[in-house]
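Asks: got a predicted structure here, sequence first:
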Amino acid sequence: QVQLVESGGGLVQAGDSLRLACAASGGTFSYYPMGWFRQGPGNEREFVAAINWNGGRTQYADSVEDRFTISRDNAEKMVHLQMNSLKPEDTAVYYCAAAGPRGGVVLGLNEYAYWGQGTQVTVSS
């Protein structure tokens, strides 16, 4: 069983940056592809970014490409999401998720087995 706890959310202005963190416990963290998803007001949960088990492969949603960067530290059991040039439309609850052991990145929401409780990001214009 894997437990995930997100942190780092907050209220910022458009153009600012935030760095989200996800701390993992339980399981063998280095085996799990990880991902970040978000759910804005009245919207479904959507894919933001994903990273494979060793950090060698990443993938991003078109809406965040070139602004967000996902990274992981297997020794510390941490995943980060660096968010730059934030926009009001980035406002959402951001969730960290872990998929079962496999080699590549995982994009599908339903493929993730473990979820954190979420952290709120609010971007004012």
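Replies: That came in fine, so what should we check first? Residues are numbered from 1 along each chain as shown.

Asks: separation between the residue nearest the centre of the chain and Ser125?
Replies: By Cα atoms, centre = their mean, the chain has its centre lying nearest to Trp36, at 2.2 Å. Distance, Trp36 to Ser125, using Cβ to Cβ, to the nearest Å: 23 Å. In this view, the C-beta of every residue, glycine as well, is placed from N, C-alpha and C.

Asks: circling back to that earlier point, what sits closest to the residue nearest to the centre of the chain if chain neighbours are left out?
Replies: Computed as Cβ to Cβ, 6 or more residues apart in numbering, the closest residue to Trp36 that is not its neighbour in sequence is Val48, at 4.3 Å.

Asks: any idea which element that neighbour lies in?
Replies: strand 46-51 (DSSP states H and E).

Asks: which helices and strands does that strand pack with?
Replies: strand 34-39, strand 58-60, strand 68-73, strand 78-83 (3 or more Cβ pairs under 8 Å, 6 or more residues apart in numbering; DSSP states H and E).

Asks: what pairs with it, parallel or antiparallel?
Replies: strand 34-39 (antiparallel), strand 58-60 (antiparallel) (DSSP bridges).

Asks: do you know how far the residue of the chain most remote from its centre is from Thr91?
Replies: In terms of distance from the mean C-alpha position of the chain, Ser125 ranks first, at 22.8 Å (Cα atoms, centre = their mean). Per Cβ to Cβ, Ser125 is found 10 Å from Thr91.
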